[in-house]
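*Asks:* pasting a predicted model and its sequence here:
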Amino acid sequence: MGLAPTYLGSVMSQIIVNGLMLSATYALIALGITLIFAIMNVMNFAHGQMYVLGGFMVYYTYGVWHWPFALSLLVAALVVAAVGLILERFFFRSVLRRSRREESTMLLAVGTALLLDSLALALFGEKQRGVPDVVSGVYHLAGAYIPARRLLIFAIAAVLTTAFIVFINYTRPGRALRAIAQDRETAALQGVDVTRYSALGFGLGAALSGLAGGLLISTDAINSGAGNLISIKAFIMIMIGGAGVVSGAIAGALVLAFSEAIGYYFIPGSLPYLLILTGLIVFLLFRPQGIMGRRWG
Amino acid sequence: MKATAVLGVGLFFIGVALAQQPVLKIGVNGVMSGPAASWGLVNKYSAETTAAMINAEGGWKIGDKKYKVEIVALDDKNDPKISAANAEKLVSMGVKYIIGPNVDTTAGAVMPVMEKAKAINFPYAFSKELYTPPHGNSILGMIASYQAGPVIYKYLKEKKGVKNIAFLARNEADPLNQMKEGEDAAKMLGLNIVTSGATYEPGTTDFAPVLQGILAKNPDLLVLSGVAPGDAPLLIKSAREMGYKGLLSTETAQDAKILQQVAGSLADGFISVGGASTPSIQTPYMLDFVKAYTKRVGEWNDEAGTKVYALEMILRTLQLAGPAAINDVELFKKTLTKFNIPNPFVKGNPPLKFVGSAYFSQPRQLGVPMVVNEFKDGKFQTLFVGSVE
């Protein structure tokens, strides 16, 4: 006996809704890490910790002090961008200046992640934190349940992603960032202030991660140890899409989100992620540069 | 001048007295960083709070001496290698009684260290092997899921008419073991398991994809096996938002504040196991502990209602066994069967003993009462108080 068409329809609707909702927020996380990689050739292992910091900013400003949610998000973005700028100025810039070995920045990034993890635990404590819903209610559309809070997050994430793409493609600083990503030396010869724009890129990448954390605490809650797991997902996405490529980050987010949505429904037990990771390894054997497969820009 | 001299002499003698007071070191070895940090930190905070309360009263009397209780806490980062190294460090410092670790993998790594060093530890891990002969140096610190599960399912079967049951666990060793034990218990009770072996990855924050397939099977009860306090409210919220009207439960202790913050009224009716945590059953002594814990840490954590027991029972057993047991755990072990005191944390003071003989063939479990709670209006309310016996 097969599945009834209406039941199958509602299953597929829910899978599509789940995949879309997940991909919007995954895209924000992946864009930040890919931007930093493109500009500075730094694999930022502390990206997840920026996400955590953004989440806690919104927890205190919106959840505890009851500031408006939009203002809390702005504060989260600014604070995390400032932390990103400090890390870039005092940590990464000086290591990049002194060492040409890529593993130096990787080790620095791992050390930074551990440092931020410990600081977060000391500052914010061990408990999981959440905030009240920004909007409430659940829509029932074509057999799928769509909570209003997830719809809001989807909309904000989509707007932010679009704004980021417009900024990168159509503004002067955006063009400068693309130029640096394509060829750092040539960009410098053309008069681009590489040091200043690298800092801007690092700050912007951190702010995107902070925004993602700030947005998602309103639906998912946060704890001070969540950073590494977020970083792992971010790495998976940019490996799928292609590190350092904006469209690759979005493609990676879509692929991972829909793999989860489909996998968790159709594949039993603990197999979905096993298959996702196996698929990723096989995929990278044939296309190590990821789907988009080129340098960012 | 004279007054200053008297004060100086007084302070000198107090200093000498304090310096001469013997110290009893108790170890805490558990996960205190990363996503599961709350498990080990609550162990540490609970032990430190109890120790501070005891020390403020002049110390803990064993034989004819009063000992200052000192807690030595080490973070194992949920890593078996670090946990074993921590245990070795603690025993090399002369510590014979260690609270923790928190999961099967770390507890398994620590067990041989305890046996070799002739020390005792109190893990919060459920593997039966740790507590069953020929092993005997580990004592389970809480109610195991395979003990609470059957009691909760039976209650829900009889009182709420549950027939179809589904299980979901995080894809990690401990929750998976707990799911397996829960499924076995459900089968024994004649319940129909509609989904078996469903898992989600650590770090999952959007649970809608995970739950979709499970809820499509219309379970009357969804069991979140070994669910971490951080995941529970997200799972509950997603399930309710996807139209699930059935019951939700877990066999692990949860935190009311995060349930309220994240899931709010959607978590009403969620059933979990606590320690002596609900206000309705707290004694004045437990209330003092809650107050001291809150002052020390900044806020109360319901998990501490379970974890308050370990240090208290170690100290009271040492008191009964005598000072020689401080360094000779065999004397401590011999006292386990004799230990029977009024529970200082629960109203009515029911007997508090070392239990677990039915499961481990020897008393290797703290007799923490099985307090089954229901979350309602932002706090836990006690449904019933059971026992592993």
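*Replies:* Received it, and whenever you're ready, just let me know what you need. Worth saying up front: this structure is predicted, and the values here are computed from it rather than measured.
*Asks:* name the element residue A:203 belongs to?
*Replies:* helix A:194-220 (DSSP states H and E).
*Asks:* okay, now the unreliable bits of chain B?
*Replies:* For chain B, residues meeting the criterion pLDDT under 70 lie at B:1-19, B:275-277.
*Asks:* in it, which residue sits closest to chain A?
*Replies:* residue B:203 (3.0 Å; C-beta to the nearest C-beta). Any C-beta I mention is one placed from the backbone N, CA and C, and that applies to glycine too.
*Asks:* does that residue sit in a helix, a strand or a coil?
*Replies:* Following DSSP: H, G, I helix; E, B strand; the rest coil, the label given to residue B:203 is coil.
*Asks:* ok, residue B:169 next?
*Replies:* Residue B:169 is classified as strand under three-state DSSP.
*Asks:* so for the helix holding residue A:203, what gets flagged as buried?
*Replies:* For helix A:194-220, a neighbour-count test (16 or more other C-beta atoms under 10 Å in any protein chain shown) marks A:194, A:197-220 as buried.
*Asks:* likewise stretch A:28-46?
*Replies:* A:28-40, A:42-46.
*Asks:* and what of stretch B:71-85?
*Replies:* Neighbour count says stretch B:71-85 has B:71-80, B:82-85 buried, by 16+ other C-beta under 10 Å.
*Asks:* repeat that for stretch A:221-235.
*Replies:* Buried, per 16+ other C-beta under 10 Å, within stretch A:221-235: A:221-231, A:233-235.
*Asks:* can you pull the contacts of residue B:165?
*Replies:* Going by C-beta atoms under 8 Å, 6 or more residues apart in numbering or on different chains, residue B:165 touches B:153, B:186, B:191-194, B:219-223.
*Asks:* ok, and the closest non-adjacent residue to the residue of chain A found nearest chain B?
*Replies:* Chain B sits closest to residue A:229 of chain A, with a gap of 3.0 Å, by C-beta to the nearest C-beta. Leaving aside its sequence neighbours, residue A:229 sits nearest to residue B:203 (C-beta to C-beta, 6 or more residues apart in numbering or on different chains; 3.0 Å).
*Asks:* pretty sure that neighbour is touching residue A:226, no?
*Replies:* Yes: with contact defined as C-beta atoms under 8 Å, residue B:203 reaches residue A:226; the gap is 7.1 Å.
*Asks:* what residues are shared contacts of those two?
*Replies:* By C-beta under 8 Å, 6+ apart, residue B:203 and residue A:226 have these common neighbours: residue B:35.
*Asks:* quick one: neighbours of residue B:157, just the number.
*Replies:* Residues lying near residue B:157 (other C-beta atoms under 10 Å in any protein chain shown) number 18.
*Asks:* do residue A:193 as well
*Replies:* Applying other C-beta under 10 Å, we find 13 other residues in the vicinity of residue A:193.
*Asks:* residues from the stretch 101-250 of chain A in reach of chain B?
*Replies:* By C-beta under 8 Å from any C-beta of the partner chain, the residues of the stretch 101-250 of chain A that approach chain B are A:117-118, A:121, A:125-133, A:138, A:140, A:145, A:147, A:150, A:216, A:219-221, A:223-226, A:228-230, A:232-233.
*Asks:* out of those, which are inside strands?
*Replies:* A:138, A:140, A:145, A:147 (DSSP state E).
*Asks:* now which of these would you call buried?
*Replies:* Buried members of those, counted by 16+ other C-beta under 10 Å: A:145, A:147.
*Asks:* picking up where we left off before, find the pair from the buried residues of stretch B:71-85 with maximum spatial separation.
*Replies:* The largest separation in the buried residues of stretch B:71-85, counting by C-beta to C-beta, is between B:71 and B:80 at 22.6 Å.
*Asks:* could you pull out the strands in the stretch 51-200 of chain B for me?
*Replies:* Secondary structure of the stretch 51-200 of chain B (DSSP state E, counting those that start in this stretch): strands at B:60-62, B:65-75, B:97-99, B:120-122, B:164-170, B:192-200.
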